[in-house]
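Novice: need a structure here:
(one chain, ligands or ions: 1)
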Amino acid sequence: MYVGGKLREPIMITRIYEDYRRLSTNTAREIMRVVLEKPDAVLCLATGETPLGAYAEFVRQAKMQRIDISGIRFVALDEWVGIPPSNPGSCHYFLHRHLFQPLQVEPRQIHLFDGMATDLQDVCTRMDAHLSELGGIDFLLVGIGVNGHIGFNEPGVSFDRSAHVAELAPETRATAQKYFQGETVLEKGFTLGIRQIMDARTVILMANGARKTDIIQAAIEQPVSESVPASVLQQHPNSLFFLDAVAAAQLQDSSRKA
Ligand code: F6R
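Specialist: Sure, this is the predicted structure:
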């Protein structure tokens, strides 16, 4: 298969954990592994409910072991257009609250999408340039939307795209209300594109709970399709699906359930 100008064989691994706590601990361990192995790694970490436990555990471990993360670089996966960083529902706020503040990450280590920018294309162009300068992403952690989105790569997205502004799907607008304190109008989102996701050296997709059971089956066991963007990870040379038992419940291939 052809990814990012190189021929590489897809390797997709599914790991199923008994519960959310074990899923989170094991995900945190993978983040820790990257940080220890590559002290200047480029990390791209999703926001949302799914990775909260993993981030809490990673922060706990990193502090306890006094890990030096001053060389790690962080890039955003996505952001809501028109939502300021002071809004607790913004990806900016989430990352600072759950990772950057507790780990004392410095601004020079961080490159996020500016949700309040007026020139949206310029924000995307600068993100593409920044990522190229960094040499791409070493470790990417994504969640999955109930409609199969990764980042804000919504169903129907072209797999060729880099950073862009997406029209948010109706399910995304509705589901995302859980992040906000009051009813919030969400129309568009900045997102890294599938091309940049596929170029990441390691990708972990994390999912838990019954809301994700059907879409996880589609993403892992149905043919790769733009209608389920996460399915593209079947073609990634080094992708891992980290699931709890509930999210994995509909997988047909019983060998995955080991
Ligand atoms: C957030 C993101 C989204 C979420 C997805 C799942 O940065 O990229 O794609 O990962 O919508 O959200 P939760 O984890 O809240 O179910």
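Novice: C-alpha only now, for contacts and for neighbours.
Specialist: Noted.
Novice: What is the neighbour count of whichever residue of the stretch 151-258 of the chain sits closest to the ligand?
Specialist: When you check the stretch 151-258 of the chain against the ligand by Cα to the nearest ligand atom, the closest residue turns out to be residue 151, at 3.3 Å. Here the neighbour count serves as a burial measure; for residue 151 (other Cα atoms under 10 Å) it reads 28.
Novice: Am I right that it is in contact with residue 80?
Specialist: No - with contact taken as Cα atoms under 8 Å, residue 151 and residue 80 are classed as non-touching, separated by 10.8 Å.
Novice: Going along the chain, name the strands of the chain.
Specialist: Across the chain, reading from the start of the chain, the strands by DSSP state E fall at 2-3, 6-7, 12-17, 42-45, 73-75, 78-80, 110-111, 139-142, 164-167, 188-191, 202-207, 239-244.
Novice: Out of the ones you listed, which is the most enclosed?
Specialist: With neighbours defined by mean count of other Cα atoms under 10 Å, none of the strands of the chain is more surrounded on average than strand 78-80, at a mean of 28.
Novice: Is there contact, residue-wise, from that strand to the ligand?
Specialist: Yes - using Cα under 6 Å from any ligand atom, strand 78-80 comes into contact with the ligand via residue 78.
Novice: For that strand, which strands pair with it and how are they oriented?
Specialist: For strand 78-80, the pairing partners within the sheet under DSSP bridges are strand 188-191 (antiparallel).
Novice: what sits against the closest residue to residue 41 other than its chain neighbours?
Specialist: If the residues on either side of it in the chain are set aside, residue 41 comes closest to residue 72, at 5.1 Å by Cα to Cα, 6 or more residues apart in numbering. Applying Cα atoms under 8 Å, 6 or more residues apart in numbering, we find residue 72 in contact with 35, 39-43, 109.
Novice: now with 6 Å?
Specialist: Neighbouring residues of residue 72 by Cα atoms under 6 Å, 6 or more residues apart in numbering: 39-41.
Novice: which one of these sits closest to the ligand?
Specialist: Set against the ligand, the nearest of the contacts of residue 72 by Cα to the nearest ligand atom is residue 41 (19.3 Å).
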